[in-house]
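In: Here's a sequence, model it:
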Amino acid sequence: MPKKRVVPRRPIPTTLGLARSDKLADRLYEQILQRISGGSWREGSRLPAENELAAQYQVSRPVVREALARLRADGIVRSRRGAGSFVERRPSRELVRVAPGGGIADLMRCFEFRIALEGEAAAFAAQRRTAAHLAEIDAAFHRLDRVIARGELGVEEDIRFHAVIVAAARNPMFDDALAALAALILQGISLTRALSLRASGRRVRLVQAEHAKILAAIRDEEPDAARAAMRQHIENARTRVLSDSAEPSTH
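Out: Numbers count the residues shown, from 1 in each chain. The predicted structure follows:
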C-alpha cells in the first residue's frame, strides 16, 4: 500500500507581529513627542537619523519609520527629501502631563476615526432628524452653554451633544461604533476640554461656536454643511491637543 503523502501545513497568517510592531511604534511616537514637548528638540531642529533613533531606542528602522509617519500625520514633524525629519510643532507640556500614560497615540487615531464616523453621522442627521431629535440636540447644546458659563469642564455634556447627533442619523451601526469607542472618546473629550479650559476662555468659546455651526446645519437640513462642520470641529480638537498656542480656524 503506497505511503500517504504528507503535505506540510502552511502557517496560519497572523497579525500578532504587526500588532507588536504597532505598539512599539506607538511607544516610540510618545517618547519622541515627550522630548519635543520638553524642549530637547526645538521647533525647526533636525531629529536624529533613523538609524540613530533605532539604536537609541532599541527598535528596528521600520518601527522608527512608522513612528515618524504618525508624527508627520499629526503635524509634529515634517520631512525634507535627503535632509531628514524636522520639528514642525511643539505640543503643550500640559498634554504630556494630563494625557493618559501610553495613550496619546491611540487618542490621535481615535480622532482620525471620529472625523470620518461623526462627519457622516452629522450629514445623515441633517437629512433624517425629526423634530424630537432636533430638540435633543438643541437641549444638549444649551446644557453646554450653561456649564461653560459656570466655568466647568462639561465633559458629559459634550459627549451627550455628539451622541444625540449620532442617534439622529437613525442608523444603529453608528451608535454601536460610538459605543465601542466610548472609553477613548471620554479620554479625548476630557483632555481637549481640560486643555482648552487651562488655555483660555476664548478657546472654550471657540469650541462652542463650532458646536453651534454643527447644530445650525442640522437644523437647516444641510447635510454637506453638517458634515464639513463636524469634520472641522473634530480636526480642530485634534489640533488643539497637539498645539501649545495655535487656535484652529472655525471657518
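In: which residues in the stretch 51-200 of the chain form strands?
Out: 77-80, 84-87 (DSSP state E, counting those that start in this stretch).
In: Let me know whether residue 188 touches residue 108 as I believe.
Out: No - Residue 188 is beyond contact range of residue 108, at 9.0 Å (criterion: CB atoms under 8 Å). Quick note: C-beta positions are derived from backbone N, CA and C, even for glycine.
In: what's the overlap in contacts for these two?
Out: residue 241 (CB atoms under 8 Å, 6 or more residues apart in numbering).
In: Name the residue in these two with the higher neighbour count.
Out: Neighbour count, other CB atoms under 10 Å: between residue 188 and residue 108, residue 188 has more, with 25 against 21.
In: Ends of stretch 175-191, what's the gap?
Out: Terminal residues of stretch 175-191 lie 22 Å apart, using CA to CA, to the nearest Å.
In: Quick one: mean pLDDT over that stretch.
Out: Mean pLDDT, computed over stretch 175-191, is 91.
In: Can you report phi and psi for residue 40?
Out: Backbone torsions of residue 40, given as degrees, to the nearest 10, read phi -60, psi -40.
In: Please report the number of neighbouring residues for it.
Out: Look at residue 40: counted by other CB under 10 Å, it has 11 neighbours.
In: confidence score at it?
Out: Looking at residue 40, the pLDDT reads 90.
In: so how far is residue 54 from it?
Out: Here the criterion is CB to CB, to the nearest Å. By it, residue 40 lies 18 Å from residue 54.
In: For stretch 72-88, buried residues please.
Out: 74, 76-77, 85, 87-88 (16 or more other CB atoms under 10 Å).
In: could you point out where the protein is predicted with low confidence?
Out: 1-21, 96-102, 199-200, 244-251 (pLDDT under 70).
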